[in-house]
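# Let me see the structure of the following:
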Amino acid sequence: MSSSPEKSRLSSDAWLKDHSLRHVVVKMRRHSLSETPPSESDETPTLESAGPDFTALLSDELLQLVFSKLPESQHVPNSLVCKRWLRLTGRLVRSIRVLDWEFLQSGRLVHRFPNLVDVDLVPACIHSSQNSEILLTHKIVSLHVDSSLFEGGFLRKQDLLHSDLVDRGVRILAEGCPNLSRLVVIGASAKGLSCIADDCLMLQELELHCCPDLSFKGISGCQNLQILKLVGCVDGFYDSVVSDIGLTILARGCRRLVKLELVGCEGSYDGIKAIGQCCQMLEELTLCNHRMDGGWLAALSYCSNLKTLKLQSCKIIDSSPGPDEHIGSCETLEQLHLQRCQMRDKQGVRALFLVCEAVRELLFEDCWGFEDNVFGMASIFRSVRLLSLEGCSLLTTEGLEAVVISWKELKELRVVSCNSIKDSEITPALATLFSVLKELKWRPDSKSLLSSGLEGSGLGKKGGRSFKWV
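All right, here's what the predicted structure looks like:
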């Protein structure tokens, strides 16, 4: 009985994962040389001595289709067979992280991989000590450093390629890969970025490191740009300034932005206001280690379509938010996420909560100074459906209950690694709230025994509410 088409396809896929296409060609050639099957003692001939290449009868399109069905682990071995296979496998590569600038500048990159859509040029733009065994890794960049640290940080200005060289390489990339959709680059000027805007009409995502304010004029022609990340000052690495001037240029030139991330950027009320007024499609805004002047929070009310606001590694929320009547509110905001932020400034935290009064999802992760009185200000929220607390070691069970009991729409609660929240302190009111939640993820510490403490509530039993352990 013949097997079904689906079963045949699955067995074929499994065979391809275990055999290199090179072996197929060898066997085809061996079969053409002799009608009798080879004995077990015969050695497998090399590709050069195996006879004519029958894959030459296949068109480039058909052979490339065959290559595309193979696992990526086979691409490199197949590219070593011959120049034709090298050229065809190169067309399958879509994403690359460039380590050698000469590879790009010589034109070999775009010739070898003409169909690239995702390119990261940052490692190739940094001169690091490759002979050093010390690898310094940051969430933004990784580089080898010498054992003798120098004043001012790990990365000096002379360690970065000059903007003229960067612009030249970016131009070569833009001309050779017009279908580029994502680019990560450091130190480019307006001249280099304009080449990307002119030639790469499909560009949707851009990440810029160490680019001065005026360089943003170059991306004003990126009509389809939707995701932008600007990396300004990073302690120990970069010392670049992104101010209100750059934010205003950016806002006027990139009106179709949907997601914007500002890392180590300066600015104030004016810069954020310009973004809110011009980028009316903006749905997600992330500020990491921001250096904004006091009063910037009030400008968030101009972001009329903002749905997600993320603050990461911020030493201060807002040093001078101003009176409540001037702060305003983001009516469309759905999620507020604070990660590794300093929350001891109660005035700034209160202003943030006022701006985000309509939020439906609250996430706090490893925030300093996040204690009962600070969390108590979250009672201003009335539409919270999800609360996630992780690494909030100062928040107590009493502080948690005082707020969540007042949230009538709360459906999901996640409490992880909050050591001051104790199972033994759960009150009947809090246990009742747990029993009606749609989802509860509870592990405040490694000794949590909530399931036994909620005996009789119906939580965690078959047919009851969802209960998750982590």
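# What is the end-to-end distance of stretch 322-340?
24 Å (C-alpha to C-alpha, to the nearest Å).
# Give me the contacts around that stretch.
For stretch 322-340, the surrounding residues in contact (C-beta atoms under 8 Å, 6 or more residues apart in numbering) are 294-295, 297-298, 300-301, 303-313, 321, 351-352, 354-368. C-betas here are computed from N, CA, C, even on glycine.
# tell me the contacts of residue 445?
With C-beta under 8 Å, 6+ apart, residue 445 has these contacts: 417-419, 421-422.
# where does it fall, phi/psi-wise?
Taking degrees, to the nearest 10, you get phi -150, psi 180 for the backbone angles of residue 445.
# same check, this time on residue 120
phi -120, psi 110.
# For it, give me its contacts.
For residue 120, the set of contacting residues under the criterion of C-beta under 8 Å, 6+ apart consists of 96-98, 183-184.
# again, only using 10 Å
With C-beta atoms under 10 Å, 6 or more residues apart in numbering as the criterion, the residues that contact residue 120 are 95-99, 182-186, 207.
# Select only the buried ones of those residues in PyMOL?
Applying 16 or more other C-beta atoms under 10 Å to those, the buried members can be selected in PyMOL as follows:
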select buried, resi 96+98+182+183+184+185+186+207
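# Closest to residue 172 out of the contacts of residue 120?
Set against residue 172, the nearest of the contacts of residue 120 by C-beta to C-beta is residue 98 (11.5 Å).
# looking at it, the closest one is touching residue 173, isn't it?
Yes - the pair residue 98 / residue 173 is scored as a contact, 9.0 Å apart, by C-beta atoms under 10 Å.
# shared neighbours of those two, anything?
Contact criterion C-beta under 10 Å, 6+ apart; residues bridging residue 98 and residue 173 by contacting each: 104, 109, 116, 119, 121.
# Show me the residues you listed that map onto strands.
Helix and strand membership here follows DSSP state E; of these, those in strands are residue 119.
# So which of the shared contacts of residue 98 and residue 173 is surrounded by the most neighbours?
With neighbours taken as other C-beta atoms under 10 Å, the top of the shared contacts of residue 98 and residue 173 is residue 121, carrying 27 neighbours.
# Who are the contact partners of that residue?
Contact criterion C-beta under 10 Å, 6+ apart gives 96-99, 101, 104, 109, 161, 166, 169-170, 173, 183-188, 207, 209 as the residues in contact with residue 121.
# Check residue 380 too.
350, 353-354, 356-357, 359, 403, 406.
# Report how many residues lie close to residue 71.
Neighbours of residue 71 under the rule other C-beta under 10 Å: 10.
# Likewise for residue 221?
Each residue near residue 221 was counted by other C-beta under 10 Å, and the total is 17.
# Just the buried ones among the contacts of residue 445, please.
417-418, 421-422.
# Filter the contacts of residue 121 down to just the ones in strands.
Using DSSP E to define strands, the subset of these located there is 96-97, 183-186, 207, 209.
# For those residues, give me TSV that also has distance to residue 87.
What follows is the ones in strands among the contacts of residue 121, written out as TSV (distance: C-beta to C-beta, whole Å):
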residue	distance to residue 87
96	16
97	21
183	24
184	26
185	27
186	30
207	30
209	33
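# Need those residues in TSV (columns: pLDDT and distance to residue 384).
Rendered in TSV, the data for the ones in strands among the contacts of residue 121 read as follows (pLDDT from 0 to 100; distance: C-beta to C-beta, whole Å):
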residue	pLDDT	distance to residue 384
96	91	43
97	91	40
183	96	38
184	95	36
185	94	40
186	92	40
207	95	32
209	91	36
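# which one of these is nearest residue 200?
When the ones in strands among the contacts of residue 121 are compared for distance to residue 200, the smallest value, 7.6 Å, is given by residue 183; criterion: C-beta to C-beta.
# And stretch 275-293, what's buried?
Of the residues in stretch 275-293, those with enough neighbours to count as buried (16+ other C-beta under 10 Å) are 275-276, 278-279, 282-293.
# what about the residue nearest to residue 371 when sequence neighbours are not counted, distance to residue 303?
Using C-beta to C-beta, 6 or more residues apart in numbering and skipping the chain neighbours, the partner closest in space to residue 371 is residue 394 (4.0 Å). As defined by C-beta to C-beta, to the nearest Å, residue 394 lies at a distance of 31 Å from residue 303.
# And the two? Which one has more around it.
Comparing residue 394 with residue 303 by neighbour count (other C-beta under 10 Å), the higher total belongs to residue 303, at 24 against 18.
# Contacts only, for residue 363.
The contact partners of residue 363, taken as C-beta under 10 Å, 6+ apart, are 310, 335-339, 386-390, 414.
# Please list the members of the buried residues of stretch 275-293 that lie in helices.
Using DSSP state H, the subset of the buried residues of stretch 275-293 located in helices is 275-276, 278.
# okay, these in CSV with pLDDT next?
Formatted as CSV, the entries for these read as follows, by pLDDT from 0 to 100:
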residue, pLDDT
275, 96
276, 95
278, 94
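# could those residues go into a markdown table alongside distance to residue 344?
Formatted as a markdown table, the entries for those read as follows, by distance: C-beta to C-beta, whole Å:
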| residue | distance to residue 344 |
| --- | --- |
| 275 | 28 |
| 276 | 28 |
| 278 | 34 |
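# Strands of the stretch 1-150 of the chain, residue ranges please.
All strands of the stretch 1-150 of the chain, identified by DSSP state E, counting those that start in this stretch, fall at 95-97, 118-120, 134-137, 142-145.
# In terms of mean pLDDT, which of the ones you listed ranks lowest?
Ranked by mean pLDDT, the strands of the stretch 1-150 of the chain end with strand 142-145 at the bottom, a mean of 60.
# Give me the mean pLDDT for stretch 376-386.
Averaging pLDDT along stretch 376-386 yields 94.
# Tell me which residues of that stretch come out buried.
Within stretch 376-386, judged by 16+ other C-beta under 10 Å, the buried ones are 377-378, 381, 384, 386.
# In this structure, where is pLDDT below threshold?
1-51, 54, 128-158, 235-236, 448-470 (pLDDT under 70).
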